[in-house]
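Trainee: Dropping the sequence and predicted coords here.
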Amino acid sequence: RPQRKRRTVDCVVRPSETTGSTAPSLPTAVAVIPARYASTRLPGKPLIDLGGLPMIVRVVQQARLTPGISAVIVATDDIRVRDAVQAHGGTAVMTRADHPSGTDRLAEVARSLDCGVIVNVQGDEPLINPAMIAQALVPFADPAIEMTTLCRPFTDVEEFHNPNVVKAVVGADDFALYFSRAAVPYDRTSAGRALPVRSFKHIGLYAYRRTTVLRLAALAPTALEETEMLEQLRALEHGIRIKVVQTELDSIGVDTDADVARVRALLAASPTVSPARRVHDHAQP
């Protein structure tokens, strides 16, 4: 079979031009946004209108504002999503419809890219702060880092006990020990009535070396992954260390009609929430 031609992208993060500078530079980074049209709770979710723009277009706009991202690509299984992205000047590629997970869809695109790092941006977070994406890229100045994600401290006990909110258990070296839907770590002294020390909400944004994405997609699902229904546990079970970056920022995932109403209200109240311009231009593949 003839080999597929890789997409080549230019890196916008360049070594410092300061004479004698030894500051490490970041590898080329591409943001990929997996977007399925089908959704059990919100059919056609990527195309839901949010303040005059489809949700997926708003995610693309936010990702484009990130310093260090050289290209933003939507990976979709539906021509309607592709057409909507392209109609607003974005880049979208068609992928297989039978991928069991977003990681597998990401890997299909990764095989045709020529870059160092791939950021998996959730397609249902239209107000994601570009600074969050940038924070996930910083650790890759260390060539030993394979994968990163974000977390933020819990401030609400009820949210901590919500099984729909994933918890990150993080070691002293800021690498993930475990992720769970359960309320972990458990504070024995308060019998679960207070927030334990170092209780972190996991934010589902990931960045990987391109080689790590391909390796993950080639691995079979693991027991813990299937028990918790958390894809990142596949990486931990196979010995791939995940660097966890602590942030004070947060985002809104759109999963219900109530979430849609909340985002629309935020956009109506503060139009600046929506990116009015790009910080810089990005080379598209």
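Mentor: Happy to help now that I have it.

Trainee: Distance check, Ile133 against Asn164.
Mentor: 23 Å (Cβ to Cβ, to the nearest Å). Backbone N, C-alpha and C define where each C-beta goes, glycine included.

Trainee: ok, which stretches of the stretch 151-285 of the chain are helices?
Mentor: Ranges of helices in the stretch 151-285 of the chain, per DSSP state H, counting those that start in this stretch, are 157-160, 210-218, 223-228, 232-237, 257-269.

Trainee: okay, how far is it across stretch 60-76, tip to tip?
Mentor: End-to-end span of stretch 60-76 (Cα to Cα, to the nearest Å): 13 Å.

Trainee: related to what we said a few turns ago, out of the helices of the stretch 151-285 of the chain, which gets nearest to Arg58?
Mentor: helix 257-269 (8.6 Å; Cβ to Cβ).

Trainee: What are the contacting residues of that closest one?
Mentor: Applying Cβ atoms under 8 Å, 6 or more residues apart in numbering, the contact partners of helix 257-269 are 42, 48, 50-51, 126-127, 252-254, 273-274.

Trainee: Which one of Ile133 and Asn164 is surrounded by more residues?
Mentor: Ile133 (24 against 8; other Cβ atoms under 10 Å).

Trainee: quick one: the more buried one is in a strand?
Mentor: No. Counting by DSSP: H, G, I helix; E, B strand; the rest coil, Ile133 is not found in a strand; it is helix.

Trainee: can you pull the contacts of it?
Mentor: Counted by Cβ under 8 Å, 6+ apart, Ile133 has contacts 31, 63, 66, 68-69, 119, 121, 205, 207.

Trainee: helix, strand or coil for the nearest residue to Thr256 once chain neighbours are set aside?
Mentor: Of all residues not flanking Thr256 in the chain, Arg41 sits nearest, at 6.1 Å (Cβ to Cβ, 6 or more residues apart in numbering). Secondary structure for Arg41, judged by three-state DSSP, is coil.
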